[in-house]
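Student: Let me see the structure of the following:
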Amino acid sequence: MSGPDISVVICVYTEDRWEDILAAVASVRAQSRPALETLLVVDHNQALLDRLTREYKEANGVRVLANAGPRGLSAGRNTGISAAHGDVIAFLDDDAVAERDWLRHFASAYADPRVMAVGGRTVPVWASGRRPVWFPEEFDWVVGCTYRGLPPGLVRVRNVLGGNASFRRSAFDAAGGFATGIGRDGDKRPLGCEETELCIRLTRALPEAVLLIDDRAVIHHRVPSGRERFGYFRTRAYAEGLSKALVARSVGAEKGLESERRYTTRVLPAGVARGLRDALLARPGGAGRAGAIVAGVCAAAGGYVVGSVRTRRTGTTFSVAPIEGDGRRD
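Tutor: Residues are numbered from 1 along each chain as shown. Got it, this is the predicted structure:
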């Protein structure tokens, strides 16, 4: 097998997703280009750690680890990076399954030594069986999926999306790991942007670095019924604004909001126009989608303002711990 060895890290935190976790691991083990190993990192949940250890005790290529850092997704990913043996480390959400050629498409992009990260396309799997008519595709990032406005094909990007992403190991050597104090922490407020901050930090450390999204590297991400509701949509958009404020404080508003300016000035107005056109044509959901886009922008902007004031007053920040240990083979 040519190309880099790839370790896959899946961070888990609750037994409520037991069947999803098993499905995620099974999808990695069924890859057309096999993973070197799969690492399950358990976020401070001893019962889940014990159960997964029993489940995979005789499975070759699957390791179960406890998060060695503080609670949260970033520290879990850093634990996986430290323990991984691969030249490339891929991340898969615990409630997603990868298509069979997912790793093959990741691996092919790393033929270019300048490539430091490759992400893929994440497709929503709605619990109700179909997208809510009011839910705009421009806001699919709310449910952790690829959204309308991202260019198709194999394209260079500012940042990859963390639930379907891979990084060359040397990227972490240059930039450090995921920052703690930002992003998800179990079932608390649905924050994010930890991968955005890392990618900006990476391209500052390695200006020649190339970050890509290959839309052929597909995963299917489960969207539970609670996340199909407008209340979650609004809360997640607000939390994104809080996270963006934290990122902007770290890397500067110019870089931290570089991609968002195009998104808010081009992609979203076009989405509102489509929604209004559909409403005039009496197509279902048009007015709802236009209204949701406006509401989502207002919620995110409100979160950004509150987050900016809060970080300015309190000096709130986050930390970037070096990746300790070295899972690389001799």
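
Student: other SSEs contacting the helix or strand that contains Val64?
Tutor: Per DSSP states H and E: Val64 is located in strand 62-66. Counting contacts by 3 or more C-beta pairs under 8 Å, 6 or more residues apart in numbering; DSSP states H and E, strand 62-66 packs against strand 37-42, helix 46-55, helix 73-83. To be clear about C-beta, it is placed using only N, CA and C from the backbone, and glycine gets the same treatment.

Student: Could I get these in CSV, plus columns for mean pLDDT?
Tutor: Converted to CSV, these look like this (pLDDT from 0 to 100):
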stretch, mean pLDDT
strand 37-42, 98
helix 46-55, 98
helix 73-83, 95
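
Student: how close does the closest residue to Arg227 other than its chain neighbours sit to Cys193?
Tutor: Of all residues not flanking Arg227 in the chain, Val143 sits nearest, at 5.3 Å (C-beta to C-beta, 6 or more residues apart in numbering). Applying C-beta to C-beta, to the nearest Å, the value for Val143 to Cys193 is 16 Å.

Student: what do you get for Pro70?
Tutor: On the measure of C-beta to C-beta, Pro70 and Cys193 end up 17 Å apart.

Student: Check Ala83 too.
Tutor: The gap separating Ala83 from Cys193 is 25 Å, by C-beta to C-beta.

Student: Kindly report the same for Glu138.
Tutor: 18 Å.

Student: do Asp43 as well
Tutor: The value you get for Asp43 to Cys193, if C-beta to C-beta is used, is 18 Å.

Student: pLDDT of stretch 244-253, averaged?
Tutor: Stretch 244-253 shows a mean pLDDT of 75.

Student: ok, Arg63 touching Ala84?
Tutor: No. Using C-beta atoms under 8 Å, Arg63 makes no contact with Ala84, being 9.3 Å away.

Student: any residues in contact with both of those two?
Tutor: Residues touching both Arg63 and Ala84 (C-beta atoms under 8 Å, 6 or more residues apart in numbering): Glu37, Leu39.

Student: who has more neighbours, those two?
Tutor: More crowded of Arg63 and Ala84, by other C-beta atoms under 10 Å: Ala84, with 26 against 19.

Student: ok, that one - contacts?
Tutor: Shown in contact with Ala84 (C-beta under 8 Å, 6+ apart): Ser7, Val9, Glu37, Leu39, Arg169, Gly327.

Student: Can you tell me how far it is from Arg17?
Tutor: Distance of Ala84 to Arg17, given as C-beta to C-beta: 22 Å.

Student: Tell me which other helices or strands the helix ranked longest in the chain touches.
Tutor: The longest helix of the chain (DSSP state H) is helix 286-314. Other helices and strands packing on helix 286-314, by 3+ C-beta pairs under 8 Å, 6+ apart, are helix 230-251, helix 268-280.

Student: Now do it and helix 268-280, the angle between them.
Tutor: 150 degrees (axes from the mean of the first three to the mean of the last three C-alpha atoms, to 10 degrees).

Student: Give the burial count for Pro4, as a bare number.
Tutor: Neighbours around Pro4, by other C-beta under 10 Å: 18.

Student: Which neighbouring residues are in contact with Gly177, exactly?
Tutor: Applying C-beta under 8 Å, 6+ apart to Gly177 gives the contacts Ser74, Arg77, Asn78, Ile81, Leu198, Val320, Ala321, Pro322, Ile323.

Student: Helix or strand next in line after the helix or strand of the chain with the lowest mean pLDDT, which one?
Tutor: Ranked by mean pLDDT, DSSP states H and E, the weakest helix or strand in the chain is helix 253-256, scoring a mean of 62. Sequence-wise, the next helix or strand downstream of helix 253-256 (DSSP H and E) is helix 258-262.
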